[in-house]
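Asks: Structure for the following, please:
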Amino acid sequence: MGDSEPDSVWTKPKQSFKLKKTLSRGRPGAAVGNRTLPDFSSQPVKRRNPFGLDDSGPGGGGDGAKRQKLGDIFSPSSMFRERKTSFSKLGEDCITGDSRDSGLSELSQGSESSTFKSPQSMSRAETLPCTSSSSMPPLDWTLKCRARFTSPSSLGWTQHLSTVEEASGVTGGVRCLSLSQGSHCLDTSNNAQFHSLCIYWQHPSLPVPLYPRYTLSSLARPTTATSPSLSLSPDMQRAMHSDWMSSLQSVYQLVKARQCPYFYLLAPSFTCLFRAAGIAGSQQMTALLTPSTSGIRAALKREEIEFTLPLFRTKESPEDEDVSPECDSTNEFLESLGIEADSLPGLSNPAPKNRLAAGSSQNIDGKVESLVVVEGVECQSLLNYLLNAKLVVGKDQLPPTVLAPVAYHGASLRTLRVKQGQTGGKGGVPLQHSVELTGPILPHMVQGLARLAANTTSTFSTNINTLEETSAFSLYHSKDTEAPSAFATASLDDCGLDQEMLKTFCALSKEGEGDMIVRDLLYTKGGYTANSQSKIVV
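Replies: Alright, predicted model coming up:
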């Protein structure tokens, strides 16, 4: 078989090794007779790009197929460059926190067949809360439990005070003096001003935790044997209640005479806020009560106290034009006396048949929509109801807590608990100075502390814990179209607030402006931004 065929048909091992050695050195192949390997020198073959566009039909791949050059790929008119620019801008906007306007809008302006346009991402971006910067910190009427100020530089606030700083802080806080301005001989350091802003007045003042006393979590938590108890006798309880009535009447008279801007009353099942005339743009004295129940509203109607439910929105129904939340008459008598229905299970029905479903729009008990607003002379009738109602719970029968920014009869001077610390500074983490405040933080405290921190450092952030039961206070806006701001400011000169802060408290609040509860505050570049980190908006 091998004898008849010529030798040129078969390639011997020596010739194969010689061909490979010649090709590896870059010289043309000497084995011209090797027919099993291609001849690169004689027939140049154009290799087809498997990823290129085929314009020559299904059998293309020849010379008719056009390949895109590298310069055309990165040209300004190329889709690759447009997509790359969109992605880079989207990444920059995500870092700066403004991914709602630029990045996604550029992607939406692309072609309809682009795979980068996602309807879900667009709808999610449109629903993000808009935060705007303002030159003044926003006013929030909710009660705060804890606040934490963080800044890359020291704020000049310490928990340990010198003798002069503590004396000046107490004097300035009690006399309602502005330590940063005015003619006085007090210490004007940041620590003294900080201490004067942490002072508040409270009644009663006992060696037991009185704030927060009545919250949904505290009422649901069962009392244990280790909880503090005073074991007061009935005579002592009656004496404390009598002192509490005198204190409540005293602080009410101060608000009525515009010598006190506001005060809070923390009752067992609700919180009441009394504001003087001229505060928040109102032309008359205003009282806000939240959360209310059907029993409390029925008791106010029996006392002929006129009130409104401004946050309650009825369901549109052509049949019933005048729709009001249904009042449950099962426990209204017990709640009007200040007695919890759960304490008398034999007389109360936890689930009456006439009660609306929990998901019904008309059942507003314990919700934000249950805010009760009393204005004008009706505030005196509300005060009489609070004095006569039995607003005590627990074993010791302690009266409700009254908080105010100025002194009144029977009140005790208290201060917030301060804790100072530092975080970071190691392993590449920047150093952060922090000051944490714990206690009943009133609205004027947040305003004063934010402005004091702005005068000390160029940037800082604040995280605030809100008492959720009082969230309706910041959602209510007065219906007065015009407020006598000049008259209100002049009549409230002796209310205990400085002139700059008084303008903020007397400003007319409108819907859409400051209607969000402040849960965090960021100060940078001379402006305050609220809720830039928090996602909870009521």
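
Asks: contacts and neighbour counts: CA atoms only from here.
Replies: OK.

Asks: Let me know whether E436 touches L416 as I believe.
Replies: No - checked against Cα atoms under 8 Å, the pair E436 and L416 is beyond contact range at 9.7 Å.

Asks: ranges for the helices of the stretch 251-400 of the chain?
Replies: Using DSSP state H, counting those that start in this stretch, the helices found in the stretch 251-400 of the chain span residues 294-302, 332-336, 378-388.

Asks: Dump those to a markdown table, plus mean neighbour count and distance to V518.
Replies: Shown next, in a markdown table, are these (neighbours: other Cα atoms under 10 Å; distance: least, Cα to Cα, whole Å):
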| stretch | mean neighbour count | distance to V518 |
| --- | --- | --- |
| helix 294-302 | 18 | 29 |
| helix 332-336 | 19 | 32 |
| helix 378-388 | 17 | 28 |
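
Asks: Which one of those helices has the poorest average confidence?
Replies: The stretch with the lowest average pLDDT out of the helices of the stretch 251-400 of the chain is helix 332-336, scoring a mean of 61.

Asks: what's the longest strand along the chain packed up against?
Replies: Using DSSP state E, we find that the single longest strand of the chain is strand 432-441. For strand 432-441, the elements it packs on are strand 144-151, strand 417-423, judged by 3 or more Cα pairs under 8 Å, 6 or more residues apart in numbering; DSSP states H and E.

Asks: how many neighbours does the nearest residue to W141 once chain neighbours are set aside have?
Replies: Take W141 and drop its neighbours on the chain: the residue closest to it by Cα to Cα, 6 or more residues apart in numbering is S474, 5.1 Å away. Number of residues near S474 (other Cα atoms under 10 Å) recorded here: 19.

Asks: for A287, what are its contacts?
Replies: 272-275, 373-375, 379 (Cα atoms under 8 Å, 6 or more residues apart in numbering).

Asks: any chance of the residues you listed in JSON lines, plus distance to L210?
Replies: Listed next are those as JSON lines, based on distance: Cα to Cα, whole Å:
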{"residue": "C272", "distance to L210": "16"}
{"residue": "L273", "distance to L210": "17"}
{"residue": "F274", "distance to L210": "20"}
{"residue": "R275", "distance to L210": "22"}
{"residue": "V373", "distance to L210": "26"}
{"residue": "V374", "distance to L210": "26"}
{"residue": "E375", "distance to L210": "28"}
{"residue": "C379", "distance to L210": "25"}
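
Asks: returning to what we had before: nearest to S180 among the helices of the stretch 251-400 of the chain would be which one?
Replies: Comparing the helices of the stretch 251-400 of the chain by their distance to S180 (Cα to Cα), the top pick is helix 378-388, with 36.2 Å.

Asks: What angle do helix 294-302 and the closest one make with each other?
Replies: Orientation of helix 378-388 against helix 294-302 (axes from the mean of the first three to the mean of the last three Cα atoms, to 10 degrees) gives an angle of 120 degrees.

Asks: now for the following helix or strand past helix 378-388, which elements pack on it?
Replies: Next along the chain after helix 378-388, taking DSSP states H and E as the criterion, comes strand 401-404. Judged by 3+ Cα pairs under 8 Å, 6+ apart, strand 401-404 is in contact with strand 199-203, strand 262-266.

Asks: how does it look with 10 Å?
Replies: Packing contacts for strand 401-404, counted by 3 or more Cα pairs under 10 Å, 6 or more residues apart in numbering; DSSP states H and E, involve strand 199-203, helix 234-256, strand 262-266, strand 271-275.

Asks: neighbouring contacts of it?
Replies: Strand 401-404 is contacted by residues 199-205, 210-214, 244, 247-248, 251, 255, 260-268, 271-273, 411-412, 440-442 when judged by Cα atoms under 10 Å, 6 or more residues apart in numbering.

Asks: Buried only: go through those residues for me.
Replies: Buried subset of the contacts of strand 401-404 (neighbour count, 16 or more other Cα atoms under 10 Å): 199-205, 210, 214, 244, 247-248, 251, 255, 260-268, 271-273, 411-412, 440-442.

Asks: which stretches of this structure form strands?
Replies: Along the chain, counting by DSSP E, strands occupy 133-134, 144-151, 199-203, 262-266, 271-275, 286-290, 372-375, 401-404, 412-415, 417-423, 432-441, 459-466, 520-524, 527-530.

Asks: would JSON lines of these with distance to E303 and mean pLDDT be doable?
Replies: Output for the strands of the chain, formatted as JSON lines (distance: least, Cα to Cα, whole Å; pLDDT from 0 to 100):
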{"stretch": "strand 133-134", "distance to E303": "44", "mean pLDDT": "77"}
{"stretch": "strand 144-151", "distance to E303": "32", "mean pLDDT": "94"}
{"stretch": "strand 199-203", "distance to E303": "27", "mean pLDDT": "95"}
{"stretch": "strand 262-266", "distance to E303": "20", "mean pLDDT": "95"}
{"stretch": "strand 271-275", "distance to E303": "17", "mean pLDDT": "95"}
{"stretch": "strand 286-290", "distance to E303": "16", "mean pLDDT": "94"}
{"stretch": "strand 372-375", "distance to E303": "13", "mean pLDDT": "95"}
{"stretch": "strand 401-404", "distance to E303": "23", "mean pLDDT": "95"}
{"stretch": "strand 412-415", "distance to E303": "32", "mean pLDDT": "94"}
{"stretch": "strand 417-423", "distance to E303": "41", "mean pLDDT": "91"}
{"stretch": "strand 432-441", "distance to E303": "32", "mean pLDDT": "94"}
{"stretch": "strand 459-466", "distance to E303": "32", "mean pLDDT": "93"}
{"stretch": "strand 520-524", "distance to E303": "41", "mean pLDDT": "92"}
{"stretch": "strand 527-530", "distance to E303": "41", "mean pLDDT": "90"}
